[in-house]
Each structure stands twice: as structure tokens, then as C-alpha cells.
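Engineer: Let's see this in three dimensions:
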Amino acid sequence: MFAVVRVFGNLLILPVALSKLPREELGMWYWFLSLAGATALIDMGFTPTMSRVTSYLWAGAQKVSSMGVEMEDRALADRPPNYKLLADLVKTMRLYYYGLGFFATSVIAIFGTVWLFEKSQALSSFHTVVVAWCIFVPAILVNCVTGVWHPLLNGINEVRLNQQVQVWGLIANYVVVLAGLLCGAGLYALALGYFVMGASSRLLARRKFNVLTHAAEYEAAASWRRDLLFSLWPTSWRTGLVTLGIYATLNASILICTAYLGPETTASLGLSSQLALAAVSLATSFVAVKIPLFAQMHARGKSREIAPIVFSRMRWFWAVYIGLTLCAAALGPKVLHDFLHSNTPLLPLPLLVSLFFIIGLEGHHAVFREITLTSHRNPFVAPVLISGVLIVVLTLILAHWMGLWGLILAPGLVQLCFNNWWTVVVGLNSFGATSYDYARGLIGLKHS
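Structural biologist: Numbers count the residues shown, from 1 in each chain. Below is the predicted model:
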């Protein structure tokens, strides 16, 4: 539901934004979003870990250990949720996220403001960008401070409800952005919509969570517990390092492009990347819907039965992604110019095809990374972190030497050396398959 609303919302908003926003302002907007994404690095992986621990407590677990949960027995089916310990966890994590929010926002605000005044004063829309930045910074704070509630809702098995809450946030964002763009607010509308989306969805998530967990009965007696925070750390930092590597892979090019090549070029790169990532999102959805099923099959000892499902879904992945790539290459420039009258063009065709190819390979191995995690293994910390560092270094070198070609090729070259193929092999091994089995499966032959 969330993905569908997001795609159709973007189809509604993007044409208006492309026709109403100057190219340099759209480039700065992608720069804003890349900086906001850095808050996930400072989170250090606590969000998914907290969600998993919440699931344990909701199942009746009596104690959280440093590597998961301790249970006196496995007969938890008849136990009620551990509301008291859950209330302690909520209070502890709320205080942590308050501290995280103010720290992360302060760092980003200082860095972003200094960079704006040093690098962007020559922009014709400099004043507009600065005012939009002043709106956007509080939005980062709101999203950080209230970010605890969505993973908590997921943790108590309210995934569908959480998606509905997020959909309302998206709708609020689209209404504000669309109205603002049509009224001539430009970049201000995008920044304000980001603020409204974060505030509305997370406040609604908090209300729903408190009702479902009887927070009124336990909140007053809840206490901040350092031992709870420390018990989450051993698992969190590993996830945090993987997040760091993924951020460097996906977001570093936007920041470097803004610094080296300017916001107008960044606008074309950001728009082209947005289309490629949307294509990956649609293609991977065929596998993503089966991820919970894969986890259940591992738990039931049916790992080897996963292969036929994966292989058939990956045929859809490649068919959809290749089809969307061809559509973007053949029709994208014409649609933007002739029908949408966009102020921002896509990248030139050779660059665009190369970008889609590299992002497609990235999305392909990311699918197998998620499949591997369903077997409760995470061997990706070192490879993802090392590749992230190498991508940043190589991008800085090649961007200075080759411009846009360097920005696009650097991630592809680094990932092709290891993660593009190694992650797939690890994923296949997690359910007892080989590369040969995968090749046969892609052409419709039965798994041996």
C-alpha cells in the first residue's frame, strides 16, 4: 500500500515540480534530501534492532539480552505482552532519540549552513535556497525525534497499520507540496511538505501505539534504563555499519556532484537516479512481499523450498527492470521535454543507460542481501562498509578527472569487484542453491 501510494504520488507531484522549479533549485532539493539521509548513520542501527526487541517483548519475553532475548521457556504463546518492560524500552528509546535528534540536526545544520554560504552564494536563487533550508532543518529534527514510533508499531505486529499511518503522512505531504507549487511557493513547498509528512505520520503512529500497548497504565511507572540501551548495542552497531556503507553507495554521489559540478548538474543526476531507484523499487517488490515467508520457511526447516519462489520472482525482477529501463531511455527525454515542459532534463542517453545498469546490479544484489538476512545471518558488515569507503574515495578522484562519468562509474566499478557477485552467492547458499541453479531458474528450468 505504502509503495503504491508513493509511486502514484510521485507521478502526480514530479511533473508539477519539474515544470515549476528552476533546475538549480531542484538540484539543491536533492542535496537537502541527501543530508537528511545522514541521520540514519547517527542512529547506528538502533531502529531495526528496537523493532525486533519490541517483537520479543510483545510475545511475552521477560528479559532482553545483548544478543536478542532470553526466555525462561519456549511456551510463550499463552503469555501476555510484557507491557512493563515495553514501557521501559519506549521511555529509554524516546530519550535516546531526543538526544539523537538534537545532535544530528545540529551537526547537519552547521555543516549545511556553512556549505551553503561558502559554495552557493553565486546561485540566482540563493535567498530562496537559504529560506527553504531554514524550513528544512526543523523538519530533520521532527523526523529524528519522533522516529521511534514507526519501528515500535512494526514490532507489535501492526505492520499494516503502520503502513496506513505512513500513507496518511504521504498524502499530507502531497497536498502541501502540490498546493504550494501551484501557488508559486517553489522550493518552500517541498521543504514544508517534508516537515508536515514527518510530524503528521509520526504523531499518529505514537497515538496508535499508545492505545494498543495500554501506555496510560504503564507510562507513569516506566523508567529510563541504561542496561536496556546497552543490551541493544551489540546488534545495533553491526546494522549501523551496514547502513553507513549503503549511504555512501547511494547518497555520496549527490553530495559530491553538488560540490564539484554544481546544483544544475545535480538536478539531472538526482532526477535520473530517482527514476532508476523507482524502477528498482517496483522490480524488487516481487521478491520483497515474500521476505516474511522466507523467514518462516527457514524457521520450519524448509530452506531448500525457497529456491523455486526466488527464481520465479527474479525472472519478474529482470523483466520489469529491463522494460522500465528501455522505456526511460526511449521515452523519458521526449516526455520530459514535449509533454511536461520540464526545466530539468535527464542525463544524456549514454550516461542514463549506464546509471540504470549500475543501479540495477545494485538492486539485484540487495535482493539477495535481504534474503540472506531471513536466515538470521549478517555477513555483510565488512564488505558493505569497505565498499562504501572505496566508493567515496574513487568518486572524489574520478569526479575531478571525468566529471559525471566518474560519479556514475565509481560505484559500479567498486561493487562489480565484489558485492555485485559475492552477495548473490551468499544469498543463494542461504537456501541451498548455487549460481548454476540460479541460471537454470532464470530461464525456467527446475531447480535440481
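Engineer: List of residues touching stretch 140-150?
Structural biologist: 35-36, 39, 43, 47, 50, 90, 93-94, 97-98, 100-102, 104-105, 108-109, 162, 165-166, 194-195, 198-199, 201-203, 205-206, 209 (Cβ atoms under 8 Å, 6 or more residues apart in numbering). All C-beta atoms are positioned from the backbone trio N, CA, C, and that covers glycine.
Engineer: Among these, name the buried ones.
Structural biologist: Buried members of the contacts of stretch 140-150, scored by 16 or more other Cβ atoms under 10 Å, are 35-36, 39, 43, 47, 50, 90, 93-94, 97, 100-101, 104-105, 108-109, 162, 165-166, 194-195, 198-199, 201-202, 205-206, 209.
Engineer: ok, back up a step: restricted to helices, list the contacts of stretch 140-150.
Structural biologist: Among the contacts of stretch 140-150, the ones falling in helices (DSSP state H) are 35-36, 39, 43, 47, 50, 90, 93-94, 97-98, 100-102, 104-105, 108-109, 162, 165-166, 194-195, 198-199, 201-203, 205-206, 209.
Engineer: How is the closest residue to V320 other than its chain neighbours classified with respect to secondary structure?
Structural biologist: Of all residues not flanking V320 in the chain, A283 sits nearest, at 4.4 Å (Cβ to Cβ, 6 or more residues apart in numbering). Following DSSP: H, G, I helix; E, B strand; the rest coil, the label given to A283 is helix.
Engineer: ok, A283 touching R315?
Structural biologist: No - if you go by Cβ atoms under 8 Å, A283 and R315 don't touch, sitting 10.9 Å apart.
Engineer: more neighbours, these two?
Structural biologist: Per other Cβ atoms under 10 Å, whichever of A283 and R315 has more neighbours is A283, with 26 against 15.
Engineer: tell me the contacts of the more buried one?
Structural biologist: W316, F317, W318, V320, Y321, L324, G363.
Engineer: Distance of it relative to R313?
Structural biologist: As judged by Cβ to Cβ, to the nearest Å, A283 and R313 stand 10 Å apart.
Engineer: picking that back up, among the contacts of A283, which one sits closest to Y30?
Structural biologist: Set against Y30, the nearest of these by Cβ to Cβ is G363 (19.2 Å).
Engineer: Can you read off the pLDDT for the closest one?
Structural biologist: Listed pLDDT for G363 reads 92.
Engineer: so it touches W318, yeah?
Structural biologist: No - taking contacts as Cβ under 8 Å, G363 lies outside contact range of W318: 10.4 Å.
Engineer: neighbour count winner among the two?
Structural biologist: Set G363 next to W318 and count neighbours by other Cβ under 10 Å: G363 wins out with 18 against 13.
Engineer: The more buried one belongs to a helix, doesn't it?
Structural biologist: Yes - G363: assigned to a helix according to three-state DSSP.
Engineer: just use 4 as the starting number from now, easier for me
Structural biologist: Understood, numbering begins at 4; the last thing we discussed is G366.
Engineer: for the stretch 104-253 of the chain, what spans make up the helices?
Structural biologist: Remark: helices assigned in the stretch 104-253 of the chain by DSSP state H, counting those that start in this stretch are 129-148, 152-158, 162-185, 190-215, 218-221, 229-264.
Engineer: Ok, which of these comes nearest K293?
Structural biologist: Of all these, it is helix 162-185 that lies closest to K293, at 14.6 Å by Cβ to Cβ.
Engineer: mean confidence score for that closest one?
Structural biologist: 87.
Engineer: And stretch 400-409, end to end?
Structural biologist: End-to-end distance for stretch 400-409: 8 Å, by Cα to Cα, to the nearest Å.
Engineer: Would you indicate which residues of that stretch are buried?
Structural biologist: Quick answer for stretch 400-409 (16+ other Cβ under 10 Å): L401, A402, L407, G409.
Engineer: just checking, the second one touches L264?
Structural biologist: Translated: A402. Yes - with contacts counted by Cβ under 8 Å, A402 reaches L264, the gap being 7.3 Å.
Engineer: which residues sit in contact with G115?
Structural biologist: Applying Cβ under 8 Å, 6+ apart, the residues contacting G115 are L38, W136, V140.
Engineer: least confident pick among those residues?
Structural biologist: The minimum pLDDT among the contacts of G115 falls on L38, with 83.
Engineer: Can you check the pLDDT for R380?
Structural biologist: On the pLDDT scale, R380 gets 71.
Engineer: got a list of what the closest residue to it other than its chain neighbours touches?
Structural biologist: Computed as Cβ to Cβ, 6+ apart, the closest residue to R380 that is not its neighbour in sequence is S433, at 6.8 Å. Shown in contact with S433 (Cβ under 8 Å, 6+ apart): S306, I374, T375, T377, S378, R380.
Engineer: Appreciated, that's everything.
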